[in-house]
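*Asks:* Fold the following.
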Amino acid sequence: MVRVMRVRLMTLVLLVLVAAATGYWLRPLLITPEPEPRTVTPRGSLAEDEQTTIAIFEAVSPSVVFISTTAEVVDPWTRMVFQTRKGTGSGFIWDREGHVVTNFHVIRGASKATIRLADGRAYAAVLVGASPEHDLAVLRINVPFDPPPPIPLGESANLKVGQKVFAIGNPFGLDHTLTTGIVSALDRSLAANGRTIDHLIQTDAAINPGNSGGPLLDSAGRLIGVNTAIYSPSGAYAGIGFAIPSDQVNAVVPELIAYGRVIRPWLGIGSDDRISALVRKRLGLEHGLLVLKTAHGSPAAEAGLLPARLAWDGSIVPGDILLELDGAPLDTVRDLERLLSKRHIGDAVVLRVWRDGQTRELEIVLANPQKRTMH
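*Replies:* Prediction:
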């Protein structure tokens, strides 16, 4: 009997313990109040550099456009012409006449281009002019009301390595993307599509396919460059991008709008790098560009530059050798073209010239290209 009671007592104690344990775990479920969101910690004011970045994007992004192009393809069997999508890129509003600046390679080979504004409106674009050697092109759209404002123009000549820059564009079709960085280097040269573009700005702001033609901005929200290329083994951002400086853009774009192409200032000489190098070596000159021909009526001819001539035995008798242009040494035709590309029609340049063992300086005014009759 005692044993039975002991068993019953132990059973009762066990049941009490189980009930107590069960109640302990269930109690929180029975008395927990309704869940509430956590209290948000006040952020406070944005940092000054954040406010600047936001202000730049909000002010400039409405002036950045998305460019999509199509090309005509002819079916060789049916002879039917089809429009196929060619590519996309970026651009920006240049003035209140509806001119849009972009890269030449964005519209190269295209038959049509459509420009979409930040507010979603889209317009067919007309090609106004292009300069492949500068990788710049100007399109035009007719926006009947509320056109986007032009981007404020800045100077690129006084840029410093290390200053902040901002890029806005449409990488991989992701429109109106903002990236930031610094000026990594200045006066870079880049070979692309058989041409060399000089005086480029190098930046580490992320630039990817689709950014081409978009603006590079300084911390005042001014245009200081046009994003044009990247250096990358993979074809995507690798920390090295390039932009055409705004000073060059401001010199080229007005000519494209006025004439549809860039009219280079004309000096009017003919030369050859190989022959110049042979003559320099023979004469013991460190540098110089041999004048082989002058164009009739050209600034070079009117200044009295003397071309080389052939002697009776077939040897070259040098006339004038151009040593420097405005203090910059000349060795190749490319050197001369590069220096002239920074000048304008009507500019006066100073040539340092070698003739018969003596040097002299000539001031020559660059002119419009004319019919080039060499003699």
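*Asks:* hey, let's count contacts and neighbours off CA atoms from now on
*Replies:* Noted.
*Asks:* Show the end-to-end separation of stretch 203-214, please.
*Replies:* Taking CA to CA, to the nearest Å, the first and last residues of stretch 203-214 lie 14 Å apart.
*Asks:* Please apply the same query to stretch 286-305.
*Replies:* End-to-end distance of stretch 286-305 (CA to CA): 20 Å.
*Asks:* Equivalent analysis for stretch 141-157, please.
*Replies:* Using CA to CA, the gap from the first to the last residue of stretch 141-157 comes to 30 Å.
*Asks:* Which residues does residue 138 form beta bridges with?
*Replies:* residue 101, residue 129 (DSSP bridges).
*Asks:* Enumerate every residue touching residue 356.
*Replies:* Counting by CA atoms under 8 Å, 6 or more residues apart in numbering, residue 356 makes contact with residue 319.
*Asks:* From residue 267, how far out is residue 255?
*Replies:* Residue 255 sits 19 Å away from residue 267, going by CA to CA.
*Asks:* same thing with residue 363?
*Replies:* For residue 363 relative to residue 267 (CA to CA), the value is 12 Å.
*Asks:* the more surrounded of those two?
*Replies:* Taking other CA atoms under 10 Å, residue 363 and residue 267 do not tie; residue 267 has more neighbours (23 against 14).
*Asks:* ok, the more buried one to residue 359 distance?
*Replies:* Distance of residue 267 to residue 359, given as CA to CA: 19 Å.
*Asks:* Let me know the secondary structure of residue 53.
*Replies:* In three-state terms, and counting by DSSP: H, G, I helix; E, B strand; the rest coil, residue 53 is helix.
*Asks:* any low-confidence regions in the stretch 151-300 of the chain?
*Replies:* Within the stretch 151-300 of the chain, the ranges that satisfy pLDDT under 70 run 192-194, 232-237.
*Asks:* That one: helices as residue ranges?
*Replies:* 246-259, 273-283, 299-302 (DSSP state H, counting those that start in this stretch).
*Asks:* who wins for proximity to residue 60 among those?
*Replies:* Closest approach to residue 60 among these (CA to CA): helix 246-259, 15.8 Å.
*Asks:* got a list of contacts for the closest one?
*Replies:* Contact with helix 246-259 is made by 101, 128-131, 136-138, 153-157, 223-226, 261-263, 342, as judged by CA under 8 Å, 6+ apart.
*Asks:* For the residue nearest the centre of the chain, name its beta-bridge partners.
*Replies:* Geometric centre of the chain, nearest residue: residue 227, 2.1 Å, by CA atoms, centre = their mean. Beta-bridge partners for residue 227, by DSSP bridges, are residue 243.
*Asks:* So it sits against residue 211, correct?
*Replies:* Yes. Using CA atoms under 8 Å, residue 227 is in contact with residue 211, at 6.7 Å.
*Asks:* Just give me how far stretch 112-130 sits from the chain centre.
*Replies:* Stretch 112-130 sits 19 Å away from the centroid of its parent chain (CA atoms, centre = their mean, to the nearest Å).
*Asks:* Quick check: closest non-adjacent residue to residue 52.
*Replies:* Of all residues not flanking residue 52 in the chain, residue 219 sits nearest, at 7.4 Å (CA to CA, 6 or more residues apart in numbering).
*Asks:* likewise residue 173?
*Replies:* Distances taken as CA to CA, 6+ apart put residue 210 closest to residue 173, at 6.2 Å, once the chain neighbours are dropped.
*Asks:* That neighbour against residue 91, yeah?
*Replies:* No. The pair residue 210 / residue 91 is not scored as a contact, 9.9 Å apart, by CA under 8 Å.
*Asks:* now residue 136: how far from residue 324?
*Replies:* Going from residue 136 to residue 324 by CA to CA gives 29 Å.
*Asks:* Likewise for residue 133?
*Replies:* 24 Å.
*Asks:* picking up where we left off before, and the residue nearest to residue 52, backbone torsions?
*Replies:* phi -70, psi 0 (degrees, to the nearest 10).
*Asks:* Let the chain start at 763 from now.
*Replies:* Right, with 763 as the first residue, what we last looked at is residue 981.
*Asks:* residues touching it, list them.
*Replies:* So residue 981 contacts 814, 815, 818, 926, 927, 928 (CA under 8 Å, 6+ apart).
*Asks:* shared neighbours of residue 972 and residue 853, anything?
*Replies:* Counting by CA under 8 Å, 6+ apart, the contacts common to residue 972 and residue 853 are residue 931.
*Asks:* who's more crowded, these two?
*Replies:* Comparing residue 972 with residue 853 by other CA under 10 Å, the one with more neighbours is residue 853, at 32 against 25.
*Asks:* That one against residue 828, yeah?
*Replies:* Yes. In terms of CA under 8 Å, residue 853 counts as a neighbour of residue 828; the distance is 6.5 Å.
*Asks:* what sits opposite the nearest residue to residue 1004 once chain neighbours are set aside in the beta ladder?
*Replies:* Once flanking residues are discounted, residue 1004 sits nearest to residue 964: 4.6 Å by CA to CA, 6+ apart. Note on residue 964: beta-bridge partners residue 947, residue 1004, judged by DSSP bridges.
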